[in-house]
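Enquirer: Quick check, what structure comes out for this input:
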Amino acid sequence: MQQHLPEESLLEINHLMVHYGGIRALNDVSLRVRLGEIVAVIGANGAGKSTLLRTIAAIKSPSSGSIKFEGEPLPRFADRVVSKGIMLVPEGRRIFAPLTVKENLLLGAYTRKSTREIAESMETVFGLFPVLKERIHQRGGTLSGGEQQMLAIGRALMSRPRVLLLDEPSLGLAPIVVDALFQKIIQMNREMKLTILLVEQNASLALEISHRAYVLETGEVKLEGTGVELLHDPRVKDSYLGVSGIAGD
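Expert: Here you go, the predicted structure:
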C-alpha cells in the first residue's frame, strides 16, 4: 500500500513501559502513527500487542514513558481519550448482546450531542456495513461473528474517531469473512480518511494492507519498516508468516 503521507506524527509513543504487578508487559516501546496511515503491530502470543492498544486507550496505565496525540500528552482517562478522537475496537468485539444493533451503535456516540450528526454517522455506518441496517432491530447477541465484528467497528465509528485502534479484528472469523472485513478496513482508511493502528493475528494480511508495521517480541519492538519490507523480511517470514499465521495476544 503506497501513497504520499505527511511526515508529522499524529500519535507518538516514546519509551513506554507497562507492568502487570511485577510482570513487565511493555519494555521501552516507541512507535509513531502518521495522519492517514494504516500501521500494523504483529507479534507472537504474549508479545504485548493488546496491552499496547489498551494503554493508548487509557484502559491500562503506563509505568513510564509518554503517549502524545498531535504533539500533546494524551489524557489518562478513557472517556477523554475518546473525546480527543481515539477509539478502541477491543479484542473479542464486546458488543452488548441483549441490546439491538441500533442501541449498540448509539452507545458508541455517547460523547456526542447533536442528534442530526449522530443520525448522519449511523447512515455512514450503514453505508459501510449494509447488513447492520438490515439487522437494525435485531439483538447483538444473535448476529454472526462477522456481523458482530462489523457492529463493534460501527459502534466505534459512531464517535467519529480520527484514530481507530483495532485489536485482533479477524479473531475467530472464517477466511472469507476476514477478507471482506479487511477490504472494509482499507475502505475506511481511503474513503473516510481514517488513521488506523491495527493489532492482528493474521500477520501476512496485516502487512499487506499496512503502510508501516512494527514487530513486538516479549514487550519490545524488534523490527519496524513498511508493510512490504516486513512482508518480505526473512526474519518475519520464518517467525510469523506460517500457513496459519500467529496466535493472538
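
Enquirer: Only C-alpha atoms, please: export the helix or strand harbouring Asp238 in PDB.
Expert: If you go by DSSP states H and E, Asp238 is part of helix 234-240. These are the backbone C-alpha positions of helix 234-240, laid out as PDB (Å, rounded to 0.1, in the frame of the first residue of the first chain):
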ATOM      1  CA  PRO A 234      13.200 -13.400   6.100                       C
ATOM      2  CA  ARG A 235      13.100 -13.000   9.900                       C
ATOM      3  CA  VAL A 236       9.400 -12.100   9.700                       C
ATOM      4  CA  LYS A 237       8.700 -14.900   7.200                       C
ATOM      5  CA  ASP A 238      10.400 -17.500   9.400                       C
ATOM      6  CA  SER A 239       8.700 -16.400  12.700                       C
ATOM      7  CA  TYR A 240       5.200 -15.100  11.700                       C
END
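
Enquirer: Tell me which residues of it come out buried.
Expert: Judged by neighbour count (16 or more other C-beta atoms under 10 Å), helix 234-240 contains these buried residues: 236, 239-240. (Each C-beta comes from the backbone N, C-alpha and C, glycine too.)

Enquirer: which residues touch it?
Expert: Here helix 234-240 makes contact (C-beta atoms under 8 Å, 6 or more residues apart in numbering) with 42-44, 203, 207, 215, 223, 230, 246.

Enquirer: let's go with 10 Å and repeat that
Expert: Helix 234-240 has contacts (C-beta atoms under 10 Å, 6 or more residues apart in numbering) with 42-44, 201-204, 206-207, 213, 215, 217, 222-223, 225, 229-231, 233, 241, 246.

Enquirer: Give the closest residue to Gln138 in space, chain neighbours not counted.
Expert: In space, and not counting its chain neighbours, Gln138 is closest to Val101: 5.8 Å by C-beta to C-beta, 6 or more residues apart in numbering.

Enquirer: tell me, what residue is most central in this protein?
Expert: By C-alpha atoms, centre = their mean, the chain has its centre lying nearest to Leu166, at 1.6 Å.

Enquirer: Show the pLDDT at that residue.
Expert: Model confidence at Leu166, given as pLDDT, is 97.

Enquirer: mind checking how far it is from Glu72?
Expert: Note on Leu166: its distance to Glu72, by C-beta to C-beta, to the nearest Å, is 23 Å.

Enquirer: Please pull up the helix or strand immediately following the longest helix along the chain.
Expert: Looking across the chain with DSSP state H, the single longest helix is helix 175-191. Downstream of helix 175-191, the first helix or strand assigned by DSSP H and E is strand 195-199.

Enquirer: tilt between that next one and helix 175-191?
Expert: Between strand 195-199 and helix 175-191, the angle comes out at 150 degrees (axes from the mean of the first three to the mean of the last three C-alpha atoms, to 10 degrees).

Enquirer: related to what we said a few turns ago, filter the contacts of helix 234-240 down to the buried ones.
Expert: Applying 16+ other C-beta under 10 Å to the contacts of helix 234-240 flags 42-44, 201-204, 206-207, 213, 215, 223, 225, 230-231, 233, 241, 246 as buried.
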